[in-house]
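Undergrad: build me a model from this:
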Amino acid sequence: MVIEEIDNGVHPSRAAMLLEQISTLAKRRKLRVLLSSHNPALLDALPDSAVSSVVFCYRDPRNGSSRLVRLQDLPDYPGLIAQGGIGHLMTTGVLERFVKNHPGVVHQQYQRHVKNGDQLLLPMATILETGNHVAGLKNGHHRRAWGRLLVDLINQTHQGDAPWNPIAFPTLDTVVNWLDGFPDFAERKIGFADVTIIKDWEKLCARHDMSHVKIWSLDSGLQGYDRPGR
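TA: Numbering: from 1, shown residues only. I've put the predicted structure just below:
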């Protein structure tokens, strides 16, 4: 059975109930059901067992054609869902950027940076936000496994065994100074964690005025911060 735009006219607070009722009827009548939706609330209400079967439709940036991809078939699928619910990932644009810039491409970019001898720096905001995403996973076993992985990576970074170096936490006085300009960033939908990354970038640009300094990120709000070398 195929149902298009299943949630038309349904209040977001009823999304979970709607999915539960459809699942109950499908099991009772031994049906396979395909649903289409653009509703983030419905996507966030999906049970963990169904998330891997979600098929995402996007426009191929190379030729403009429509593409379908099952999330489970993506490289590093666990790394995607570790960043939050599917609905949240869709509304923030993370899902589309992840599909178009899948980890295979990101890994190639990383290898190129290493080969070029580029210095990679890890902002503290990235560590904190990753921890928040891990804590927001629906499955407790996933939260623990990805939490353990994050701890291991940070310990490697602290011990100097990672290919990047951490950027130290700013002082309270520095944070207060940064807050003065936060309303302007907030108006542009840039959170304070991203502001700290931008401010770190500005400091590095001033400190290394002859070097190429860029923020390497899939976040569209950060991708424009790229100062060529002289």
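Undergrad: and the helices in the protein?
TA: 15-29, 40-44, 48-51, 77-81, 86-91, 94-100, 103-115, 124-135, 140-158, 172-179, 182-187, 192-207 (DSSP state H).
Undergrad: okay if I get these as JSON lines plus distance to Pro166?
TA: All C-beta atoms are positioned from the backbone trio N, CA, C, and that covers glycine. As requested, those are exported to JSON lines (distance: least, CB to CB, whole Å):
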{"stretch": "helix 15-29", "distance to Pro166": "39"}
{"stretch": "helix 40-44", "distance to Pro166": "32"}
{"stretch": "helix 48-51", "distance to Pro166": "32"}
{"stretch": "helix 77-81", "distance to Pro166": "20"}
{"stretch": "helix 86-91", "distance to Pro166": "26"}
{"stretch": "helix 94-100", "distance to Pro166": "23"}
{"stretch": "helix 103-115", "distance to Pro166": "17"}
{"stretch": "helix 124-135", "distance to Pro166": "7"}
{"stretch": "helix 140-158", "distance to Pro166": "5"}
{"stretch": "helix 172-179", "distance to Pro166": "16"}
{"stretch": "helix 182-187", "distance to Pro166": "23"}
{"stretch": "helix 192-207", "distance to Pro166": "11"}
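Undergrad: so which of these comes closest to Leu218?
TA: Nearest to Leu218, of all the helices of the chain, is helix 94-100, at 4.5 Å by CB to CB.
Undergrad: got a list of contacts for the closest one?
TA: Helix 94-100 has contacts (CB atoms under 8 Å, 6 or more residues apart in numbering) with 56, 58, 61, 69, 74, 80, 83-84, 86, 88-90, 218-220.
Undergrad: with respect to Met124, which of the residues you listed is nearest?
TA: Closest approach between the contacts of helix 94-100 and Met124, by CB to CB: Asp219, at 16.0 Å.
Undergrad: run through the chain and note the low-pLDDT ranges.
TA: 61-62, 75-76, 79, 101-106 (pLDDT under 70).
Undergrad: roughly how far apart are the residue located most distally from the centre of the chain and Val176?
TA: Farthest-out residue of the chain from its mean C-alpha position, per CA atoms, centre = their mean: Arg29, at 37.5 Å. Arg29 is 61 Å from Val176, where distance means CB to CB, to the nearest Å.
Undergrad: same thing with Leu42?
TA: From Leu42 to Val176 the distance is 41 Å (CB to CB).
Undergrad: before we move on, what about Pro47?
TA: Note on Pro47: its distance to Val176, by CB to CB, is 44 Å.
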